[in-house]
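A.B. asks: Got a sequence here, can you model it:
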Amino acid sequence: MTDTTPVNRGLYFEEFKIGQKTTSVGRTVSESDIFTFAGLSGDFNQIHTNAEFSKDTPFGQRVAHGLLGLSIASGLAFRTGILEGTVIAFREIKNWKFIAPIYIGDTIHVEMDIAETKALPRIGGGSVVITLDVKKQNGETVMKGNWTVLVISKP
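C.D. replies: Predicted coordinates for the structure are as follows:
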C-alpha cells in the first residue's frame, strides 16, 4: 500500500522567528511571461505589449506588468520551501510599493524577512508577517512590502 500522507516541507507557525531571513532563487522574466499574463489578466496595455509604442515612453522599452512581478514574487517566495504545505491562506498585502520597472530579460529574486508572528489558536496556527524585497540582478529593488500568511501549528 502506498503512503499518501502529505509531506510538509514548510515551517510550522512555531518555527518562524522574527528576524529570520530567506532568499529565493532567481527567475528571468521573458516576453512570453508578459504576453501570457496579458492574456490571463486582459491587460494588453501597449507599455507591455507594443515595442514600437514603448520606445517613446519614459522607460524606452516594454516593461512587465507590476502585478506580473508580484505574481512571480509570490511563486519565488513559495519556492524557498518555508511555506510549502503549511500555509492555510494568503491573508493580506500591506504597504506594497512598485518602485522600478522590470524589463524583458531581467532576473528577479525575493529577500524575505519575518517581521511579526501572532498565535491564533482558533485556527490551529497563527499569522506570520513577512517583509519582502523583490530585487533585480543588479541589486536594485523593484517592489517591496509586507505579506501576511496564516500558517498551521505543529501537529
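
A.B. asks: Which single helix of the protein contains the most residues?
C.D. replies: Of all the elements of type helix in the chain, the one with the most residues (DSSP state H) is helix 66-79.

A.B. asks: Name the residues that touch that one?
C.D. replies: Here helix 66-79 makes contact (CB atoms under 8 Å, 6 or more residues apart in numbering) with 24-25, 27, 29, 33-34, 37, 41, 43, 83-84, 90, 96, 98, 102, 108-110, 112, 130, 132, 134, 142-143, 147. Where C-beta positions appear, they are placed from N, C-alpha and C, glycine not excepted.

A.B. asks: Now do the helices in the protein.
C.D. replies: Using DSSP H, the helices assigned to the chain run over residues 31-41, 46-49, 51-55, 66-79.

A.B. asks: Minimum distance to residue 11: which of those helices has it?
C.D. replies: Nearest of the helices of the chain to residue 11, taken as CB to CB: helix 66-79 at 12.4 Å.
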